[in-house]
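Trainee: Compute the structure for the input listed below.
(one chain, ligands or ions: 2)
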Amino acid sequence: SSIHSFLQALPKVEHHMHIEGALSPSLIFKLAAKNGIELPKDDSAFSSVESLVERYKHFTSLDDFLHYYYIGMSVLLSAGDFEALAWDYFQHAAADGVVHAELFYDPQAHTSRGVSYSTIVSGISAARKRAESEFGITTELICCFLRHLPVSDSLMAFDSSEIQASFKDGSVIGIGLDSTELDKPPHLWKELYAKAATQELNLTAHAGEEGPAEYITDALASLHISRIDHGVHLIDDPELMASVAKEGIMLTVCPISNVVLKCFPSIKDVPIRKFLDAGVRFSINSDDPAYFGGYILDNYCAVDDAFQLSAEEWKSVCRAAIEGSWCSEERKAELL
Ligand code: ADE
Ligand code: ZN
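Mentor: Ligands and ions are numbered 1, 2, ... in the order given. Next up is the predicted model:
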C-alpha cells in the first residue's frame, strides 16, 4: 500500500535493537548443528523451527522471553557466527529503510560461556563494515550489562581490559542495562554508571518496561542516563512525563515487543498518541525482532495502523530519532 511505501522510504534510525534478538529460529538450529550444541531436549519448543516459532507467539512475560533468548544465543561461538547474526539483521534493516542503527549486545551472556569478548566484537564489526559499504548503513555499539546477574559481575566486566579497550578505541560508544527488570531497581548500578560517565560514554538503561514509573525516576536520578529504553510506564506519572518532555530525554519505544511481552494488551494501548500530545520525544524500534515477529518497519506500520499519524508527524518522529542519536555530528547533519 502507499502508506507502507511512505513508511519504508522514511530515513529510519534504530536505537533499541539487541543484536542477539535478531537470531532467527532457523539460524539457531543451523548454528546448533554446526557447533555441536544440544538444544534442551525436555522442552518440546525445540523440536523444530516451526515449534519454536509457535512457542514465540505465547510469551507470558519479559522473563519467559528471556529464558528462550539466552538458550538461543548459546549457539553463538565463533566470530563468524556473530557476523552471520549481525549480517542477517543488516539485510532486514536495509530492506526496512534503516540509515543508522545503534546496536545493543550482551557480552556477559557470551563470556560466561567461554566466548571471548574479542570474538563477539570482531564478528559484529565485520558485518558492520559490510553494512556500511554495501548499504550505507552507519552503526554504533552499546555495551549492555545484565541485571539478572550480581552488580559485582557488571563492574568486573566493565573493568576488564578488553571492554575498556573497546571503549577507548571508539568501537563502543555507550553502555546500557537490560534483562530482568522487576526487583532490580536501577540505583543498584549507580557505581557502574558513575564510572562510565567519567569515561564520557553515552548512557542509557531499560526502565519502565515491565517495571513501574518509579524505576524511570530512579534511573534518571541515580544513573544520569540521557535516553530511556522502553520507558512506556512514564504514562503513569504525569509530572515525570512533563519533566522528561521538558528535558528532551528520548524514549526508545518498542511497540510490538510491548504487546508480545504482555506489557500492554494491544498496540493501541502503547501510549504513542499521549507521548506525541505531551511533547515526549521517542523513537520506534524493534527490540528483538526474530523473537517478536516484526522488524522496525513492522513496528512503524503497526503504530500507523493504531494511531494514523500524519505525514508531518511521521517526519517529526524520524527527525527526533536522528537528533537523539549518538552518531557523530557530521553524520547527524547528513541525515537531517
Ligand atoms: N534483553 C533483550 N530484550 C530485552 C528487553 N525487551 N527487556 C529487557 N532486556 C532485554
Ligand atoms: Zn530491549
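Trainee: Which strands or helices does the helix or strand containing residue 33 pack on?
Mentor: For residue 33, the element it lies in under DSSP states H and E is helix 25-35. Using 3 or more C-beta pairs under 8 Å, 6 or more residues apart in numbering; DSSP states H and E as the contact test, the elements touching helix 25-35 are helix 49-55, helix 79-95. Quick note: C-beta positions are derived from backbone N, CA and C, even for glycine.
Trainee: now it: mean pLDDT?
Mentor: For helix 25-35, the mean per-residue pLDDT is 99.
Trainee: Quick check: residues of this structure near ligand 1?
Mentor: Neighbours of ligand 1 within the chain, by C-beta under 6 Å from any ligand atom: 18, 21, 62, 69, 178-179, 206, 209, 257, 287-288.
Trainee: With pLDDT added, can I get the residues you listed in TSV?
Mentor: Shown next, in TSV, are the residues of the chain next to ligand 1 (pLDDT from 0 to 100):
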residue	pLDDT
18	99
21	99
62	98
69	99
178	98
179	98
206	99
209	98
257	99
287	98
288	99
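Trainee: out of the residues you listed, which is most surrounded?
Mentor: For the residues of the chain next to ligand 1, the largest number of neighbours (other C-beta atoms under 10 Å) sits with residue 287, at 30 neighbours.
Trainee: Can you report phi and psi for that one?
Mentor: Main-chain dihedrals, residue 287, degrees, to the nearest 10: phi 70, psi -90.
Trainee: doesn't residue 253 make contact with it?
Mentor: No - counting by C-beta atoms under 8 Å, residue 287 stays clear of residue 253, with 9.4 Å between them.
Trainee: Pull up the overlap in contacts between these two.
Mentor: Taking C-beta atoms under 8 Å, 6 or more residues apart in numbering as the contact rule, residue 287 and residue 253 both touch residue 16.
Trainee: mind listing what's buried in the helix holding residue 33?
Mentor: Buried residues in helix 25-35, counted by 16 or more other C-beta atoms under 10 Å: 25, 27-29, 31-32.
Trainee: With distance to residue 268 as new columns, can the residues you listed be given to me in a markdown table?
Mentor: Converted to a markdown table, these look like this (distance: C-beta to C-beta, whole Å):
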| residue | distance to residue 268 |
| --- | --- |
| 25 | 29 |
| 27 | 32 |
| 28 | 32 |
| 29 | 35 |
| 31 | 37 |
| 32 | 38 |
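Trainee: Which one of the residues you listed is nearest to ligand 1?
Mentor: Taking C-beta to the nearest ligand atom as the measure, ligand 1 lies nearest residue 28 of these, at 15.3 Å.
Trainee: Not counting sequence-adjacent ones, nearest residue to that closest one?
Mentor: Nearest residue to residue 28, sequence neighbours excluded (C-beta to C-beta, 6 or more residues apart in numbering): residue 72, at 5.1 Å.
Trainee: mind checking pLDDT for the one you found?
Mentor: With respect to pLDDT, residue 72 scores 99.
Trainee: which ones are touching the residue nearest to residue 82 when sequence neighbours are not counted?
Mentor: Closest residue to residue 82 apart from its sequence neighbours, by C-beta to C-beta, 6+ apart: residue 123 at 2.8 Å. Residues near residue 123 by C-beta under 8 Å, 6+ apart: 78-83, 85-86.
Trainee: ok, now with 10 Å
Mentor: Taking C-beta atoms under 10 Å, 6 or more residues apart in numbering as the criterion, residue 123 is in contact with 19, 76-87, 115.
Trainee: With pLDDT, distance to residue 317 and neighbour count as added columns, please give the residues you listed in CSV.
Mentor: Listed next are the contacts of residue 123 as CSV, based on pLDDT from 0 to 100; distance: C-beta to C-beta, whole Å; neighbours: other C-beta atoms under 10 Å:
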residue, pLDDT, distance to residue 317, neighbour count
19, 99, 23, 26
76, 99, 33, 27
77, 99, 39, 19
78, 99, 38, 15
79, 99, 36, 19
80, 99, 36, 15
81, 99, 34, 22
82, 99, 31, 26
83, 99, 31, 19
84, 99, 32, 19
85, 99, 28, 25
86, 99, 26, 25
87, 99, 28, 18
115, 98, 37, 21
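Trainee: ok, what's across the strand from the nearest residue to residue 132 once chain neighbours are set aside?
Mentor: With sequence-adjacent residues excluded and distances taken as C-beta to C-beta, 6+ apart, residue 132 is closest to residue 138, at 6.0 Å. Beta-bridge pairing for residue 138 (DSSP bridges): residue 100.
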